[in-house]
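Peer 1: got a sequence here, can you build the structure:
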Amino acid sequence: MPTPSSAERGAIVVALTFRTLPEIDDALRARLVDIWTDATNAGGAIGYVAPVERESVDAEAFRSFAVGRDLFLVGFQDGEPVAFLVLVDHRFPLKDHARLLKTVAVDPKHQGRGYGVELLREAERVARTLDGVEMLHLTCRGGLGLEHFYSKCGYTEVGRIPRMLRVGADDYRDEIHMAMSL
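Peer 2: Now for the predicted structure:
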């Protein structure tokens, strides 16, 4: 017998409110780094391998973000950030029609409520408002089933590089490339 969803069990699930930001202030940056660190340490595959220290994430976080070209998409619940991703402009003329989704993260305290799906749907909606954008794509780490989650959100696996990611001395994972036409 399938397990009932939180909605079927009568739990109240609060929808997120989203803001698209061309840059973030120091306070929001600190909170997003906390989410990134906590999500990684809870088993998330967001550029690091658990355990990771906040300082390590903070040193690298958003360093390649280009103000005026890339966009932060942040999901808030009751005024607090609980999920985010970055829509990255490739800065390459042959890819002007596409955006890369990076650092897709949901605070582990809020996982299991559908916020990851909401975040990806909002990214799709935002991308459709960007002049000339026709495609979204992302990469994910193999071995965790993430490609199944992204497939349910409308992405198609378009390539895979075996053993591209080394997460441990003898632990290599595929890098999976996924895309969605808008």
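Peer 1: which residues of the protein fall in helices?
Peer 2: Taking DSSP state H to define them, one finds helices in the chain at 26-41, 54-60, 115-129, 146-152.
Peer 1: so what's residue 44 closest to, chain neighbours aside?
Peer 2: residue 105 (6.6 Å; CB to CB, 6 or more residues apart in numbering). From N, CA and C alone the C-beta is placed, and that goes for glycine too.
Peer 1: ditto for residue 51
Peer 2: Spatial nearest neighbour of residue 51, excluding adjacent residues (CB to CB, 6+ apart): residue 41 at 5.7 Å.
Peer 1: and for the one you found, the neighbour number?
Peer 2: The number of residues packed near residue 41 is 17, by other CB atoms under 10 Å.
Peer 1: any idea how far it is from residue 182?
Peer 2: 33 Å (CB to CB, to the nearest Å).
Peer 1: the most centrally placed residue in the chain: what's it in contact with?
Peer 2: Centre of the chain computed as the mean C-alpha position; nearest residue by CA atoms, centre = their mean is residue 104, 0.9 Å away. By CB atoms under 8 Å, 6 or more residues apart in numbering, the contact set of residue 104 is 46, 85, 116, 119, 120, 138.
Peer 1: one more time with 7 Å, if that's ok
Peer 2: By CB atoms under 7 Å, 6 or more residues apart in numbering, residue 104 lies in contact with 85, 119, 138.
Peer 1: how about the residues you listed in CSV, adding pLDDT and distance to residue 170?
Peer 2: Output for those, formatted as CSV (pLDDT from 0 to 100; distance: CB to CB, whole Å):
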residue, pLDDT, distance to residue 170
85, 98, 31
119, 98, 33
138, 98, 27
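Peer 1: show the buried residues in those residues.
Peer 2: 85, 119, 138 (16 or more other CB atoms under 10 Å).
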